[in-house]
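**Student:** compute the structure for the input listed below.
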Amino acid sequence: MKIIFIGCVESSLKFLEATYHNTNAEIIGIVTKTQSTFNSDHISLADFAKENNIDWIDYKTNDEMEGWISQKEPDLIYCFGWSHILPISILGIPKYGAIGYHPALLPANRGRHPIIWALVLGLETTGSTFFCLTEEADAGDILNQQIVTIKKNDDARTLYNRLLTVGENQVVELTNAYLGNTIQSINQDDKTANTWRKRTKKDGLIDWRMTTDSILRLVRALTKPYVGAHAVYQENDYIIWKAETVNSDLTKIKNIEPGKVIETSGQTFTVKTGDTLIKITEHEWSTIPQVGEYL
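**Tutor:** Next up is the predicted model:
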């Protein structure tokens, strides 16, 4: 089984390593990006390719990639962690098609930023899904899918790590199924599908009129390896990486407006939200706001 591997993020590397070290498939080529301003979790696969003497290219255009892949005559393409939809001309090259990955329970929650949206929306479960790539994003037949529980205090990093662990096992199972000619697929029901939109900078802006729980979900969803939630102070944006709830007597703060700084301690500060108080514990504020100021 000859596989071309395409990817340029953290999950790409983890799934590549699992396939290479734990199956008998042959990785005959790797397509990656040595640099990317698009993916906050960008990782080039070039070092892995060099260390293991695997031919590779630094992606520039689909036309270049198509020609290079065609010459390799792969049986299968694995495309994990790639921000471009592969054209039909590339999807049709390998004997068994091309396989993608989406960290959600397809057909639910297709589209962009699945880990972030799952945390922002407070979902209790998500999924790890390998599926056939088609011209429509995230719509192909499901080949391997696992339910993944979202824990109460999960953030982007902890959920990402759990998905990676599950996905590493899945990609080995999937590859072995192809090797053993036992692969099975399930059609997606488009009637039960929804598609999450692309998030923009304003989606990461903290509005202190939000509830504390909503703000905490936003902070957790956007923490590393992502770009971080942000708040405005003196007309500048500042990133917040971590925050926590503050136990307080609600009768003493019911007349305080959202966004007011209530307390500071070292590099931490406490702010009134739409319903309670929240402590900002890890951030990139250059100057800590003073008690009585408003954010």
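
**Student:** where in the stretch 151-295 of the chain is pLDDT low?
**Tutor:** Residues of the stretch 151-295 of the chain meeting the criterion pLDDT under 70: none.

**Student:** where do the helices sit along it?
**Tutor:** 156-179, 212-222, 250-253 (DSSP state H, counting those that start in this stretch).

**Student:** for stretch 256-271, buried residues please.
**Tutor:** By neighbour count on 16 or more other C-beta atoms under 10 Å, the buried set for stretch 256-271 is 258, 259, 260, 261, 262, 268, 269, 270, 271. (C-beta placed from N, C-alpha, C; glycine too.)

**Student:** most tightly packed of the helices of the stretch 151-295 of the chain?
**Tutor:** Across the helices of the stretch 151-295 of the chain, averaging neighbours per residue (mean count of other C-beta atoms under 10 Å) puts helix 212-222 on top, at a mean of 22.

**Student:** can you give me the helices in the stretch 1-150 of the chain?
**Tutor:** Under DSSP H, counting those that start in this stretch, the stretch 1-150 of the chain gives helices at 10-22, 46-51, 62-72, 88-91, 114-120.

**Student:** the third one: which residues count as buried?
**Tutor:** So the one you mean is helix 62-72. Buried residues in helix 62-72 (16+ other C-beta under 10 Å): 65, 66, 68, 69.

**Student:** and for it, what's in contact with it?
**Tutor:** 2, 4, 6, 28-29, 31, 55, 57, 59, 77, 84, 86-87, 89-90, 93 (C-beta atoms under 8 Å, 6 or more residues apart in numbering).

**Student:** please list only the buried members of the residues you listed.
**Tutor:** 4, 6, 28, 29, 31, 59, 77, 86, 90, 93.

**Student:** quick one: residues contacting the fifth one.
**Tutor:** By C-beta under 8 Å, 6+ apart, the contact list for residue 31 reads 4, 5, 6, 7, 56, 57, 59, 65, 68, 69.
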